[in-house]
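In: Got a predicted structure plus its sequence, pasted below:
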Amino acid sequence: MASIRDAGGNTIAGAAAMPAGVGIALYLAALVLFASFDAAVKHLVTVYPAPFLNVMRYLSVATIAVGLVLRHGLPRLSATPAKGLLLLRGLMLGTVGTCFMTALIWMPLSEATAIYFTSPLIVVALSPWLLRERIGARQWSAVALGCAGMLLIVRPGGSLPWLGTALMAISAVSYALFQVLTRKLSGRVPSHVQYGYTALVCLIVTALPAPFFLPDPWPDARDWAAIVLLGVTNGLGQILLIAAFRRVPASTLAPFNYCQLLMAVAYSTFVFARPPDMLAMSGMALIVAAGLSLATARGPAALDGAR
């Protein structure tokens, strides 16, 4: 029985060997839903406050978490070790979602997603200090390559707004710290408990500012349906991600992560009429190359697509 990771990056028990094609198909379907979720958010933040939409999203995540915790037993949630790390992990993911969603008010979807995908490189850069892991020359080369790609995207004199860029940088760093904390908790806390804590903290963190950013006017019936569908899309993506990781090892799925970036470029180009320029495309290519280098080397970091 293989060791694999769920939508929160947690190690969970795998099922017996199954055809890899099923897991890969589930994983790609999850990435389609996450890319579609981001595109829908990009549209909705032009109409409704980002904090309001964000708390609606984490309501769906919390609903899934409640189901997982109840299925495995509620007492484990209150009698678990490393509560401080669990709370910090949830705070990091809440920061990721808040910064990413707010950045989309100003940022093109493709460039925002590309910056987010530097997270695995940041994990590698932090690993010697926070995880006491030895990093080889190939991994450091991948980090340098990804940094070069990042500079091409956010280059001085470019058209990207500084506030949106800064928020995306915070989102990427926060997600890297989330992954580091996940590794520290691996083997110490059951995956469903980690997921439950994370969902609860994210819901609380995003609910705190929401009353100060209520929509005016409130959504009509059609927009409420769209917002509910947004939560369902995110929740279904989480479920598909968990199902994929139960069938296929994370190392097999990691190279497919960057399909989400391709979908973000497609949405940005054909839906929002904001295609990335050639320099930005070159930067994205470098980030993808760096990430694939880490994935094929089975380094310490892998992005799971979930927020």
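Out: It's in. If you're wondering where the values come from, they're calculated on a predicted model, not measured in any experiment.
In: for the stretch 151-300 of the chain, which spans come out with low pLDDT?
Out: Counting by pLDDT under 70, the stretch 151-300 of the chain contains low-confidence ranges at 298-300.
In: where do the strands sit along it?
Out: Here the stretch 151-300 of the chain has no strands by DSSP state E, counting those that start in this stretch.
In: can you map out the helices along it?
Out: Using DSSP state H, counting those that start in this stretch, the helices assigned to the stretch 151-300 of the chain run over residues 162-185, 191-207, 221-247, 250-253, 259-270, 278-296.
In: and the fifth one, what does it pack onto?
Out: What that stands for is helix 259-270. Helix 259-270 makes packing contacts with helix 20-44, helix 109-116, helix 278-296 when contacts are defined by 3 or more Cβ pairs under 8 Å, 6 or more residues apart in numbering; DSSP states H and E. Placement of C-beta: from N, CA and C, glycine included.
In: re the thing from before, let me have the helices of the stretch 151-300 of the chain in JSON lines, extended by mean neighbour count.
Out: JSON lines is the format used below for the helices of the stretch 151-300 of the chain (neighbours: other Cβ atoms under 10 Å):
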{"stretch": "helix 162-185", "mean neighbour count": "21"}
{"stretch": "helix 191-207", "mean neighbour count": "23"}
{"stretch": "helix 221-247", "mean neighbour count": "18"}
{"stretch": "helix 250-253", "mean neighbour count": "20"}
{"stretch": "helix 259-270", "mean neighbour count": "19"}
{"stretch": "helix 278-296", "mean neighbour count": "20"}
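In: thinking again about what came up before, turn the helices and strands packed on helix 259-270 into a markdown table, including distance to Ser141.
Out: Listed next are the helices and strands packed on helix 259-270 as a markdown table, based on distance: least, Cβ to Cβ, whole Å:
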| stretch | distance to Ser141 |
| --- | --- |
| helix 20-44 | 26 |
| helix 109-116 | 19 |
| helix 278-296 | 7 |
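In: With Ile153 as the reference, name the closest of the ones you listed.
Out: Closest to Ile153 of those is helix 278-296 (Cβ to Cβ; 4.0 Å).
In: Got the phi and psi for the most far-flung residue of the chain relative to its centre?
Out: Residue distances from the centre of the chain (Cα atoms, centre = their mean) peak at Pro217, which lies 30.2 Å from the mean C-alpha position. Main-chain torsions, Pro217, degrees, to the nearest 10: phi -80, psi 170.
In: try Leu214
Out: Here is the backbone geometry of Leu214 (degrees, to the nearest 10): phi -70, psi 150.
In: so the closest residue to it other than its chain neighbours is in which element?
Out: Nearest residue to Leu214, sequence neighbours excluded (Cβ to Cβ, 6 or more residues apart in numbering): Phe52, at 6.3 Å. Using DSSP states H and E, Phe52 falls within helix 50-72.
In: And for that helix, what's in contact with it?
Out: 41, 44-45, 76-77, 94, 97-98, 101-102, 104-105, 190, 192-193, 195-196, 198-200, 202-203, 206-207, 209-210, 212-215, 227-228, 230-232, 234-235, 238-239 (Cβ atoms under 8 Å, 6 or more residues apart in numbering).
In: So which bits of that helix are buried?
Out: Under the neighbour-count criterion of 16 or more other Cβ atoms under 10 Å, helix 50-72 has 50-62, 64-65, 68-69, 72 buried.
In: again, but for stretch 150-159
Out: For stretch 150-159, the neighbour count (16+ other Cβ under 10 Å) marks 150, 152-154 as buried.
In: Kindly check the end-to-end length of it for me.
Out: The first and last residues of stretch 150-159 sit 14 Å apart, counting by Cα to Cα, to the nearest Å.
In: what's next to that stretch, contact-wise?
Out: Outside stretch 150-159, the residues within contact range by Cβ under 8 Å, 6+ apart are 111, 114-115, 118, 160, 165, 276, 279-280, 282-284, 286-287.
In: which one is Val201 nearest to, not counting chain neighbours?
Out: Nearest one to Val201, counting by Cβ to Cβ, 6+ apart, is Gly90 at 2.6 Å.
In: what's the angle between the helix or strand hosting the one you found and helix 20-44?
Out: Here Gly90, judged by DSSP H and E, is contained in helix 83-103. Going by axes from the mean of the first three to the mean of the last three Cα atoms, to 10 degrees, helix 83-103 is angled at 60 degrees with respect to helix 20-44.
In: now helix 83-103, how far from the chain's geometric center?
Out: Helix 83-103 sits 10 Å away from the centroid of its parent chain (Cα atoms, centre = their mean, to the nearest Å).
In: what's the angle between it and helix 221-247?
Out: 130 degrees.
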